[in-house]
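Colleague: any chance you can model this:
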Amino acid sequence: MSDARTPAEIEADIEERRSRLAETLDEIGVRVHPKTIVGDAKARVVGSVDQTLGRAYVGANRAVSDVRSKFVNEEGTPRLERVVPVALMAVGLVGLLVVSSRRRRG
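Modeller: From the prediction side, this is the model:
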């Protein structure tokens, strides 16, 4: 049995391959187009920034929660044994700054 193909079958194969080659070349053209390259680069940068901002938010949120847990109990009321000393230190520091600035002027 012969595996000979007819000229019509050969032409059909050639046309199919031309069509696939044209699609492939179109895809390559889109991929190497400057707008596509810039768009892909922008998408990567935005993804990276989003990820970085997400990590920063989580870190900041964790830090705030840690500090809050030191000054507020589970019910949400202030822990006076911790708030009062910090408030007194802040008032003392402000007082020192006021006295120091008055001495410089006068």
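Colleague: element containing the residue most central in space within the chain, please.
Modeller: In the chain, the C-alpha closest to the average C-alpha coordinate belongs to residue 50, at a distance of 1.6 Å (Cα atoms, centre = their mean). According to DSSP states H and E, residue 50 maps onto helix 34-71.
Colleague: mind listing what's buried along that helix?
Modeller: For helix 34-71, a neighbour-count test (16 or more other Cβ atoms under 10 Å) marks nothing as buried. For glycine as for every other residue, the C-beta is placed from the backbone atoms N, C-alpha and C.
Colleague: now for it, which elements pack on it?
Modeller: Applying 3 or more Cβ pairs under 8 Å, 6 or more residues apart in numbering; DSSP states H and E, we find helix 34-71 packed against helix 80-105.
Colleague: still on that earlier bit, what's the angle from the helix holding residue 50 to helix 80-105?
Modeller: 110 degrees (axes from the mean of the first three to the mean of the last three Cα atoms, to 10 degrees).
Colleague: centre of the chain to helix 34-71, how far?
Modeller: When C-alpha coordinates are averaged (Cα atoms, centre = their mean, to the nearest Å), helix 34-71 and its chain have centres 3 Å apart.
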